[in-house]
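Asker: how does the following fold in three dimensions:
(one chain, ligands or ions: 1)
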Amino acid sequence: MSGVSRLEPVPAVALWSDQSIHIPTVCLDPAGIHHQGPENRFEDGLLWPQVAGTPTGAPRYAEVNPLLQRVAMEGLLCQIGMGPATRSPKGVLWLLHQPEGTRDDPVRDWAGGENVLDPPVCLFHARDAAGTCPELRRGHEAFWVGDSELVGVAGLYYPPDQAQPVDRTIPLDSPETRFLVATALIRELRNVSPVDLADPLLPVDPVPCNAQPDGAAPMKRCPARPSPFTSSPLDLN
Ligand SMILES: [Zn+2]
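Answerer: Alright, predicted model coming up:
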């Protein structure tokens, strides 16, 4: 080993040390919850927290900027560069850690569809991350995903009959979402085809999803870290 720490791309959806997630005072009524003052509420009616500060300092890899996760997941953007994820005739490219096969991290059941919080990726950043991200270097799986549907939302649920909010994942079409401060959208992935990122039939030198007209790709790189995404099964309830 060289002893030189590897620098890895910082996912665009990661939160930075100069940022914090702020949930304003929550007001509860029978119709749902709302925030005092300005709200981050979008066309789908979901209420989101606010992100204060600037993307500077050190990346907090274990935490995700909920507003950017939403943008990337909804728009099928690369979670690292926030440009378009790579598409092929077989679908959109996804890069996931390889499950350990334990109860907390079971092998994926593609026959039944898999729910994920991870947005997709572009081929350039998939290869980059697979080679530099410690968790992905331990094992990763890449797929073309033929069908992906927004099916659920994770967040902080404020039960109408209890004092304390709880973490919960809820189907998007559930009326319970009106009691939720959302933190991440969930997609169900189906019709997947495994892909080898080193397949010689793939472009040898793909363009980064966020490449500028001059060829430059804005990219922040920092020392290695843990994964920002949970590896637990996402059961909607
Ligand atoms: Zn990308």
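Asker: let's verify residue 170: helix, strand, or coil?
Answerer: strand (DSSP: H, G, I helix; E, B strand; the rest coil).
Asker: doesn't residue 176 make contact with it?
Answerer: Yes. The pair residue 170 and residue 176 qualifies as a contact (Cβ atoms under 8 Å) at a distance of 5.1 Å. C-betas here are computed from N, CA, C, even on glycine.
Asker: tell me the mean pLDDT for stretch 153-170?
Answerer: Across stretch 153-170, pLDDT averages out at 92.
Asker: name the residues contacting each of residue 170 and residue 176.
Answerer: Common neighbours of residue 170 and residue 176, using Cβ atoms under 8 Å, 6 or more residues apart in numbering, are residue 157.
Asker: higher neighbour count, these two?
Answerer: Using other Cβ atoms under 10 Å as the criterion, residue 170 and residue 176 rank with residue 170 on top: 22 against 15.
Asker: contacting residues around that one?
Answerer: By Cβ under 8 Å, 6+ apart, the residues touching residue 170 are 152-153, 155, 157, 176-177, 180, 236-237.
Asker: could you flag which of those are buried?
Answerer: Among the contacts of residue 170, the ones that count as buried by 16 or more other Cβ atoms under 10 Å are 152-153, 155, 157, 177, 180, 236.
Asker: spit out the contact partners of the closest residue to residue 21 other than its chain neighbours.
Answerer: Using Cβ to Cβ, 6 or more residues apart in numbering and skipping the chain neighbours, the partner closest in space to residue 21 is residue 49 (5.1 Å). Applying Cβ under 8 Å, 6+ apart, we find residue 49 in contact with 21-23, 40, 66, 181, 183.
Asker: out of those residues, who's nearest the ion?
Answerer: The ion lies nearest to residue 66 out of these, by Cβ to the ion, at 19.7 Å.
Asker: count the neighbours of the closest one for me.
Answerer: Using other Cβ under 10 Å, residue 66 has 23 neighbouring residues.
Asker: longest strand in the chain, please.
Answerer: In the chain, taking DSSP state E as the definition, the longest strand is strand 140-157.
Asker: elements contacting that one?
Answerer: On a contact count with 3 or more Cβ pairs under 8 Å, 6 or more residues apart in numbering; DSSP states H and E, strand 140-157 meets strand 91-97, helix 123-132, strand 166-171, strand 180-194.
Asker: quickly run through the sheet partners of the shortest one, with directions.
Answerer: Right, strand 166-171. As defined by DSSP bridges, the strand partners of strand 166-171 come to strand 140-157 (antiparallel).
Asker: in the partner strand, what counts as buried?
Answerer: Residues 140-145, 148, 151-157 are the ones in strand 140-157 that count as buried (16+ other Cβ under 10 Å).
Asker: host element of the most centrally placed residue in the chain?
Answerer: Geometric centre of the chain, nearest residue: residue 118, 3.3 Å, by Cα atoms, centre = their mean. Remark: residue 118 resides in no helix or strand, with elements defined by DSSP states H and E.
Asker: which residues touch it?
Answerer: Shown in contact with residue 118 (Cβ under 8 Å, 6+ apart): 79, 94-96, 229.
Asker: looking at this, residue 99 is in a strand?
Answerer: No. Going by three-state DSSP, the assignment for residue 99 is coil, not a strand.
Asker: now do the contacts for it.
Answerer: 105-108, 231.
Asker: most surrounded residue in the residues you listed?
Answerer: Counting neighbours by other Cβ under 10 Å, residue 108 comes out on top of these with 18 neighbours.
Asker: setting aside sequence neighbours, what's the nearest residue to that one?
Answerer: residue 114 (4.9 Å).
Asker: next to the ion in this structure, residues from the chain, please.
Answerer: Within the chain, the positions near the ion by Cβ under 5 Å from the ion are 78, 80-81, 122, 125, 209.
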